[in-house]
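[1] Kindly return the folded structure for what I paste below:
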Amino acid sequence: MKMRLTFAALAVAGLSFGASAATFDAPLPYHILLVDGKKTDHSIMRAVHSVEVAGGKHQFAVTYIKDFSTRSDIRVMNGDPVIIEADVPADAQLTLSYKEPLNYQGARQFLQQQEAELTLVDKRTGQPLDAEIYTILRPAGMDTARGIQDYLEENGKAFGGRTEAAVAAAQEKFGDAAVDADALEMLKHWWGAADKDTRRAFQIWMIQQQ
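    Numbering: from 1, shown residues only. Take a look at the predicted model:
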């Protein structure tokens, strides 16, 4: 019963976040690929440089892509993905601050130490926000976002999904029902592994249990 209530509570609470959204901007040439383990709409035809999130803990995956090509040389810089983890205030306006390299050689040098060069800043105050920033090796294959998420999951660094804002909203709406983190993680694991029909069957079952 506790698990059923908690799972439903978090799901309902997640619907109420839109009222006070924070923003995260990744200025060119950075592109946002993942937010909390979910792909953005980034593609070859469409770049994503800004997203909205609720207040609470979040994980962003961004990548540096810039064309320094000349008439005689093709020089496209694709940096290793950068993972940014932070506890985001509900009304924050976050951006990445860094000294942009001016040329191809400068970009090569910059990308060797991105995590040391980047700072997460709240544009409202101009002050940096505490964040864990690190790079991972660029995954092979065409689906970079999927490769990043696979790496994070395999190395125990994937986003947990249980933000403080979600728990607080659930507790406010449904009381102090305890949140069983281990059970919740297992539910998310099986949900992610399920096909469309299985997910629909589970949704029907969950509604019937309430």
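
[2] top strand in this structure by residue count?
    In the chain, with assignment by DSSP state E, the single longest strand is strand 56-67.

[3] helices or strands up against that strand?
    Other helices and strands packing on strand 56-67, by 3 or more Cβ pairs under 8 Å, 6 or more residues apart in numbering; DSSP states H and E, are strand 30-35, strand 76-78, strand 82-88, helix 104-111, helix 144-154, helix 164-174. For every residue, glycine as well, the C-beta is placed using N, CA and C.

[4] Output the ones you listed in TSV; the columns should cover mean neighbour count and distance to residue 48.
    As requested, the helices and strands packed on strand 56-67 are exported to TSV (neighbours: other Cβ atoms under 10 Å; distance: least, Cβ to Cβ, whole Å):
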stretch	mean neighbour count	distance to residue 48
strand 30-35	22	5
strand 76-78	13	16
strand 82-88	20	14
helix 104-111	15	20
helix 144-154	18	10
helix 164-174	17	22
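
[5] just so I know, which of the ones you listed lies nearest residue 197?
    Among the helices and strands packed on strand 56-67, helix 144-154 comes nearest to residue 197, with 22.1 Å by Cβ to Cβ.

[6] and the angle for the closest one with strand 30-35?
    Counting by axes from the mean of the first three to the mean of the last three Cα atoms, to 10 degrees, helix 144-154 points 50 degrees away from the direction of strand 30-35.

[7] Phi first, then psi, for residue 206.
    Taking degrees, to the nearest 10, you get phi -60, psi -40 for the backbone angles of residue 206.

[8] What number of residues are in the vicinity of it?
    14 (other Cβ atoms under 10 Å).

[9] if I look at it, how far off is residue 200?
    Shown here: residue 206 relative to residue 200, a distance of 11 Å by Cβ to Cβ, to the nearest Å.

[10] what does residue 92 give?
    Here the distance between residue 92 and residue 200 works out to 36 Å (Cβ to Cβ).

[11] Who has more neighbours out of these two?
    Using other Cβ under 10 Å as the criterion, residue 92 and residue 200 rank with residue 92 on top: 22 against 11.

[12] Which residue is the nearest non-sequential neighbour of that one?
    Closest residue in space to residue 92, ignoring its immediate chain neighbours: residue 22 at 4.2 Å, by Cβ to Cβ, 6 or more residues apart in numbering.

[13] Then residue 123?
    residue 93 (4.2 Å).

[14] residues near that neighbour, how many?
    14.
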